[in-house]
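In: Sharing a model prediction with you, sequence too.
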Amino acid sequence: MDLLRIFNSDMRAVEFYAYGPASQVLRVAEDALPPIPGASEVLIRVLAASVNPVDCAIRNGYGKDVFRLKGQVGPEPFPQRLGRDAAGVVQAVGANVKGFQAGERVYCAPTKACQANLIAVDASEVAHMPAGLSFLEAASLPFVALTAWSALVGQAGLDEASAHQKRILITRGAGGVGSFAIQLMKAWGAYVATTCRSRHVDYLRQLRPDHIVDYTQTPIPEAVSHIDVALDSSFDAQEAVLSTLKTHAGASYITIVSPKMRLIDEFGLKEGVRRADAQLAEKVHAQSLLGRHYYWGFMKPDGAALAKVTQRIESGQIRPLIDKVFPLEQIALAHEYCESGEAQGKIVIDMS
Ligand SMILES: NC(=O)c1ccc[n+]([C@@H]2O[C@H](COP(=O)([O-])OP(=O)(O)OC[C@H]3O[C@@H](n4cnc5c(N)ncnc54)[C@H](OP(=O)(O)O)[C@@H]3O)[C@@H](O)[C@H]2O)c1
């Protein structure tokens, strides 16, 4: 592969140069430096990406120290890159990479920010794209899929064999994570209850959950009970959701909006982690007295898990749900739309 030719082609990347509103701080850098792939990395030409709420949060300063320490954004304060999902074509692979070759269509939710024309991603974080999906459709899936997968499969221990006996509650079902989780659990035969605002009820019907609770009309505990596994992405309904779980029956509660990052932002790394660990331990203990498991869930970049998601998509169990596609030049509008809370399905960026 002619790396020089690849590197000399246009390289654009979404960057922000201060924390603040999208229209003021976001730009598409035309002079971004292309990455040089390491021995274990795959160089990908990105043709589609997506916007997730965490992109908007990072742009506003959320997790600024932690993301830098983890290498998810650059070492300098600014400019910073964004993006958690990408789909594209392999351009080259490092010397130690097995299983991928130039020309293959891949997707990923990598550790490093990935809204750029060229990205170098550790091969362990990449999977082949599902056959039959466009790049735009593929880019809508990895981040939300791996968040739901790591919670439901990794933490709650669900699989195709066990899920059909379970009663699952998924809050904010019209969101990206929620709608993937509903599809996966319905495909595996579980009873699925979900929650949303009134405006999302009709949209959610297409995913065929067993019960939709409009939480603006009916309190969740009045509508749902005897839950085995709850996947919660609400900020304010934790106690209501916990009250729906079975007691002394090994039920699991996972929230993907833990306070950990906000505590670190407020109190610094050491004290923030100490407070977060203390809060988590207290919750785990309180729920263990009721015979339940309590978790904070986090997306994990994981190519092997994403390959399993690929199989479910190819078998027709799960389909992409896209609300709007924005061209790369309109990245600020895409952020504003994400922040509006109006989206029904994913917000995708055409990088081609
Ligand atoms: N821990 C992790 O690794 C991880 C990974 C992915 C996501 N997350 C977090 O989980 C949450 C859900 O993620 P997602 O990708 O599913 O989000 P999303 O697609 O943007 O959906 C969010 C849902 O939240 C509700 N909402 C209400 N007011 C909103 C507002 N002003 N802005 C945005 N949403 C609003 C909406 O549901 P209703 O109107 O029906 O209430 C919407 O369907 C986010 O907070 C995200 O940061 C965490």
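Out: Okay, I see it.

In: that's a helix at Pro130, yeah?
Out: No: under the criterion used here (DSSP: H, G, I helix; E, B strand; the rest coil), Pro130 is coil, not part of a helix.

In: quick one: Val51 from the ligand, how far?
Out: Per CB to the nearest ligand atom, to the nearest Å, Val51 is found 9 Å from the ligand. To be clear about C-beta, it is placed using only N, CA and C from the backbone, and glycine gets the same treatment.

In: ditto for Pro53
Out: From Pro53 over to the ligand (counting by CB to the nearest ligand atom), the distance is 4 Å.

In: do Ala193 as well
Out: For Ala193, the distance to the ligand equals 14 Å [CB to the nearest ligand atom].

In: Then Phe135?
Out: Using CB to the nearest ligand atom, one gets 20 Å for the distance from Phe135 to the ligand.

In: Could you check the pLDDT of that residue?
Out: pLDDT recorded at Phe135 is 98.

In: Kindly report the same for the one 3 residues further on.
Out: Looking at Ala138, its pLDDT is 98.

In: Which strands and helices lie in contact with the helix or strand hosting it?
Out: Ala138 belongs to helix 135-139 when assigned by DSSP states H and E. Applying 3 or more CB pairs under 8 Å, 6 or more residues apart in numbering; DSSP states H and E, we find helix 135-139 packed against strand 41-51, strand 86-93, strand 105-108, strand 322-327, strand 346-350.

In: Mean pLDDT and mean neighbour count added to those strands, as a markdown table?
Out: Output for those, formatted as a markdown table (pLDDT from 0 to 100; neighbours: other CB atoms under 10 Å):
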| stretch | mean pLDDT | mean neighbour count |
| --- | --- | --- |
| strand 41-51 | 98 | 27 |
| strand 86-93 | 97 | 24 |
| strand 105-108 | 98 | 26 |
| strand 322-327 | 97 | 17 |
| strand 346-350 | 98 | 24 |
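
In: and Ala304, which of those strands is closest to it?
Out: strand 105-108 (11.9 Å; CB to CB).

In: Within its sheet, name the partner strands of that closest one and how each one runs.
Out: Strand pairing for strand 105-108, determined by DSSP bridges: strand 86-93 (antiparallel), strand 126-128 (antiparallel).

In: Can you show me the helices along the stretch 151-300 of the chain?
Out: In the stretch 151-300 of the chain, the helices defined using DSSP state H, counting those that start in this stretch lie at 176-187, 201-205, 220-223, 238-242, 260-267, 269-288.
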